[in-house]
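Q: I'll drop the sequence and a predicted model, then ask my questions.
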Amino acid sequence: MSFDVQRVREYRAANSASAIKHPLQRSLLAVLIAASVAQSAHAADAAAASEQTLTVDASASSTGQQDPRDYSVPVTRAGTKMALIARDIPQSVTIVSKQRMEDQQLQSLNDVLHNTMGITGVSSDMDRTSYYARGFEIDNYMVDGIPTTFASRWNLGDAQSDMALYERVEVVRGATGLLTGPGNPSAAINMVRKHADSKDFTGSVSATYGSWGKQRYVADLSTPLNSDGSVRGRLVAGYDDKNSFIERYGATKQFVYGVVDADLTDSTTLSVGYEFSQVNTDSTMWSGTPRWYTDGTQIHSRRGYNTAPEWAYNDKENKKVFVNLKQDFDNGWNITLNGTHNEMFLDSKQLYLDGYFDKTSGLGVSQYADYPVVGGTGYNTGKRKVDAVDAFASGPYELLGRQHELMVGVNYSRQQNKYYSAWANISADELGNYNNFNGDFPETDWGPRELTADSTTVRQKSVYLATRISLADPLHLILGARYTNWNRQTLTTGEELEKNNTTPYGGLIYDFAENWSAYASYTSVFQPQDYRDSSGAFLSPVIGKNYEVGVKSDWLNSRLTTTLSLFRTELDNVGEDTGQIIPGSQSTAYAAKDGVVSRGVEFEVNGALTDNWQMTFGGTTYLAQDRDGNAYNSQLPRTSFNLFTSYRLPMLDQLTLGGGVKWQTHTWQDVGAPEGNGTWHATQGSYALVDLFARYEVNKNLSLQANLNNLFDKEYDTWVGAYNVYGAPRNFSVSATYRF
């Protein structure tokens, strides 16, 4: 049953052409898509004889009426858990579709986030990348709407999740307390799994070869498991083996995913699945290469230089079991139940360097006063276990002669983080002459591993609801709230902290023209912190407010969407790195900052300009400061743009060509100078990365594709601090995919 109560809107093709020609002239985004107007109008005129209607299905949890070649996804539950089109969500939302991931060869969540508008990755080494939006770290990653929170220090491979297992990735920027409860006002990342949705035997196999010996093989198979196809199965399996531009480094990844979807009745669907992945890396660096000599001049290590010894490794393993039950009712209501059990393991032995070195003798000193250490080794193991269940119902109701929508749900999660560590410092004499260092350093005679101070058990119990009220035909109000009982127990000391928080949410959407809406939204921020101060005590939770206003439009039956948004976030108790070590540990001390404000503007154009032309183009510029006017997280670019487009040639429709560019402004950070003598200024200038791709469909089953990344071989640093972590040089991949 469709919900007219929300938005069953008629898209008249005859009006679509004029809508594109005239309203866009008034739009601030007109200059961004002017080149597409003529082609879009032609596509609209071709369909002028018939009316097109986008029907939002109250039971839909998937993509609605999506052309599989589109970059846009018309219907999503991102933002509010109510099935809406993007124009009806009063926040900035980006959805990365399966087709876009295929075109750009976005094979991991790392790849997706690096290419998503408004998101910046900061790589502390080759295997650990933290992501930021609007100046704050992203700490909520969800799979099918169930969040997992992790600390970047103990990255257990979340961002290395393989996209072969997922249908799309949904990104909601800003505070997302209604969806996740606690969390930074940055963004929430939701990966939507593939399901067994075919009643016929179908699938694909692909093989990829690329730079530095990369090999990748993936099979994706779907089949009915009974005669009428009411029970279906899907299996996705893959193997990835690659070296790197970094010498001696190698990585393998293997994964398998299986799901069974069963139609228990015409209105009841049960899904049960299992996911396994394993990522093993050898000779991987822990941090990067030192940036400065003791006289302040740059070391300028070559991009392929590796400080890791042969015995270093970093291995991660993930196991996930999940169940999903959906029940639809004739009155338009539906119930969704999600449950998951996840276990994630870490095993690593690594070496890091953290010092300044004499240009002549190669002997090092620390950046800290009275701390004669220039590096260290660590033997770290860990396990993160998550048990969670989420249940919600949504549907229409009538009040005062108008129809509205209600969503109500409950959530429970228990996440246990156990990390064990043994470590040793490296003195300047032990390291010797850094100028001759090539990673040849003996493995530490490890002592017993001890449970670390940030090993915790976190429990959350939540109740949440939201309603979309139709105030008038063009005016809708979304009101909601989430109540969370949050409890953290520190496993080393038994220390327990419990907080109760109610997160309100409000949004107003006004349809001021056939294809245009204006919106405003507000939500509060509540985020407990794992950071500790110089005494070793946890910092108080971050609290604050998040405001956003904007304009959205959609065209061609929501195949093309645009967003222009302005945001402001105000926070207190924000943890900031002091650059000092907590006595008796290897952890950095943090201090709480009040009055941190982030404010800025974002825009995005995404989807089909014509049947043959897809594009995503977006950018953000913002200012993040504390109350004293000091830049907050200055290592993040304040302005960035992302463009990627693909075009299928009408005269040779087997051939698709495309490419894109990512550009960001300069970044900087002040870090401690040698032996605590003031600070030094690390910088990375603005830069652009250009990518190209081409795909040729040999026949209806076989396609060949080539991708070229960093076309101009730009050298850039992904970590701006006391050391360098270089981004990948120019590289290529070629792939063949056979579909049946």
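A: Cool, got the structure. Computed from a predicted structure; not experimentally measured.
Q: Just the element for Ala188, please.
A: In the assignment (DSSP states H and E), Ala188 maps to strand 187-193.
Q: residues making contact with that strand?
A: 62, 78, 109, 113, 118-119, 131, 133-134, 138, 140-145, 147, 161, 165-174, 176, 179-180, 257, 259, 273, 322 (CB atoms under 8 Å, 6 or more residues apart in numbering). Quick note: C-beta positions are derived from backbone N, CA and C, even for glycine.
Q: for the stretch 501-650 of the chain, which spans come out with low pLDDT?
A: Counting by pLDDT under 70, the ranges of the stretch 501-650 of the chain that qualify are 579, 586.
Q: all helices for it, in order.
A: Ranges of helices in the stretch 501-650 of the chain, per DSSP state H, counting those that start in this stretch: none exist.
Q: hmm, back to that, the strand holding Ala188: what's the following helix or strand?
A: Of the helices and strands lying after strand 187-193 in sequence (DSSP H and E), the nearest is strand 202-210.
Q: May I see the buried residues of that next one?
A: 203-204, 206, 208, 210 (16 or more other CB atoms under 10 Å).
Q: I'd like those written out as TSV, with pLDDT added.
A: Listed next are the buried residues of strand 202-210 as TSV, based on pLDDT from 0 to 100:
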residue	pLDDT
Gly203	96
Ser204	97
Ser206	98
Thr208	98
Gly210	97
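Q: Put together CSV for these, with distance to Lys316 on each row.
A: Formatted as CSV, those follow (distance: CB to CB, whole Å):
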residue, distance to Lys316
Gly203, 28
Ser204, 27
Ser206, 24
Thr208, 22
Gly210, 22
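Q: Quickly name whichever of those residues is closest to Thr294.
A: Distance to Thr294, by CB to CB, is smallest for Gly210 among the buried residues of strand 202-210, at 39.8 Å.
Q: Secondary structure class of the nearest residue to that closest one once chain neighbours are set aside, three-state.
A: Distances taken as CB to CB, 6 or more residues apart in numbering place Ser733 nearest to Gly210, at 3.4 Å, with adjacent residues excluded. Taking DSSP: H, G, I helix; E, B strand; the rest coil as the rule, one finds Ser733 in the strand state.
Q: Could you give the bridge partners of Ser733?
A: The bridge-partner assignment for Ser733, based on DSSP bridges, gives Gly210, Asn707.
Q: Just give the number of residues close to it.
A: When neighbours are counted by other CB atoms under 10 Å, Ser733 registers 18.
Q: Identify the bridge partners of Asn546.
A: For Asn546, the residues forming beta bridges with it (DSSP bridges) are Thr523, Thr569.
Q: Distance check, it against Leu178.
A: 11 Å (CB to CB, to the nearest Å).
Q: Residues in contact with both of those two, list them for me.
A: Shared contacts of Asn546 and Leu178 (CB under 8 Å, 6+ apart): Thr523.
Q: List the single closest residue to Lys253 in space, sequence neighbours excluded.
A: Closest to Lys253 by CB to CB, 6+ apart is Asp240, at 4.1 Å.
Q: What is the host helix or strand of that neighbour packed up against?
A: Asp240 belongs to strand 231-243 when assigned by DSSP H and E. In terms of contacts (3 or more CB pairs under 8 Å, 6 or more residues apart in numbering; DSSP states H and E), strand 231-243 is packed against strand 214-224, strand 250-265.
Q: can you put these in JSON lines and add mean pLDDT?
A: Shown next, in JSON lines, are those (pLDDT from 0 to 100):
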{"stretch": "strand 214-224", "mean pLDDT": "97"}
{"stretch": "strand 250-265", "mean pLDDT": "97"}
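Q: And what about Gln304, helix, strand or coil?
A: Careful, residue 304 is Gly and not Gln. Going by three-state DSSP: Gly304 is coil.
Q: That one: neighbour count?
A: Counted with other CB under 10 Å, the neighbours of Gly304 add up to 13.
Q: dump the residue contacts of it.
A: So Gly304 contacts 245-247 (CB under 8 Å, 6+ apart).
Q: Format the helices and strands packed on strand 231-243 as JSON lines; extra columns: mean neighbour count.
A: Shown next, in JSON lines, are the helices and strands packed on strand 231-243 (neighbours: other CB atoms under 10 Å):
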{"stretch": "strand 214-224", "mean neighbour count": "18"}
{"stretch": "strand 250-265", "mean neighbour count": "17"}
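Q: Include distance to Ser123 when you put those strands into CSV, please.
A: Output for these, formatted as CSV (distance: least, CB to CB, whole Å):
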stretch, distance to Ser123
strand 214-224, 19
strand 250-265, 14
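Q: out of these, nearest to Pro74?
A: Going by CB to CB, the one of these nearest Pro74 is strand 250-265, 21.9 Å.
Q: Mind giving me the packing neighbours of that closest one?
A: Contact analysis of strand 250-265 by 3+ CB pairs under 8 Å, 6+ apart lists strand 231-243, strand 268-282 as its packing neighbours.
Q: which parts of stretch 590-608 are buried?
A: Within stretch 590-608, the residues scored as buried using 16+ other CB under 10 Å are 590, 592-593, 596-600, 602-608.
Q: Keep only those of these that are in strands.
A: Among those, DSSP state E puts 590, 592-593, 596-600, 602-608 in strands.
Q: Quick check: Pro372 is in a helix.
A: No. Using three-state DSSP, the secondary structure at Pro372 is coil, not a helix.
Q: what's the spacing between the closest residue to it other than its chain neighbours and Ser733?
A: Nearest in space to Pro372, with sequence neighbours left out and distances taken as CB to CB, 6+ apart, is Ser427 at 5.8 Å. As for Ser427, its distance to Ser733 is 43 Å (criterion: CB to CB).
Q: Check Gly506 too.
A: 46 Å.
Q: coming back round to it: bridging residues for the residue nearest to Lys253?
A: Following DSSP bridges, Asp240 is listed with bridge partners Arg216, Lys253.
Q: Spit out the contact partners of it.
A: 107, 162, 214-217, 251-254.
Q: Go again with 10 Å.
A: By CB atoms under 10 Å, 6 or more residues apart in numbering, the contact set of Asp240 is 107-108, 162, 164, 208, 214-218, 251-255, 279.
Q: Okay, now the unreliable bits of the stretch 1-150 of the chain?
A: Scanning the stretch 1-150 of the chain for pLDDT under 70 picks out 1-66, 149-150.
Q: those helices in it, which residues are they?
A: Taking DSSP H, counting those that start in this stretch, the helices of the stretch 1-150 of the chain run over residues 4-7, 13-21, 30-33, 37-46, 98-104, 109-114.
Q: what does the stretch 301-450 of the chain give?
A: With DSSP H, counting those that start in this stretch, the ranges of helices along the stretch 301-450 of the chain come out as 428-431.
Q: Now do the strands in it.
A: Remark: strands assigned in the stretch 301-450 of the chain by DSSP state E, counting those that start in this stretch are 313-328, 334-353, 356-357, 364-365, 375-399, 402-426, 450-451.
Q: which of these sits most buried?
A: Scoring the strands of the stretch 301-450 of the chain by mean neighbour count under mean count of other CB atoms under 10 Å gives strand 356-357 as the most buried, with a mean of 24.
Q: What lies in contact with it?
A: Outside strand 356-357, the residues that reach it (CB under 10 Å, 6+ apart) are 290-296, 299, 363-367, 374, 428, 431, 433-435, 437, 672-675, 680, 722.
Q: Filter those residues down to just the buried residues.
A: Among those, those classed as buried by 16+ other CB under 10 Å are 290-294, 299, 363-367, 374, 428, 431, 434, 437, 672-675, 680, 722.
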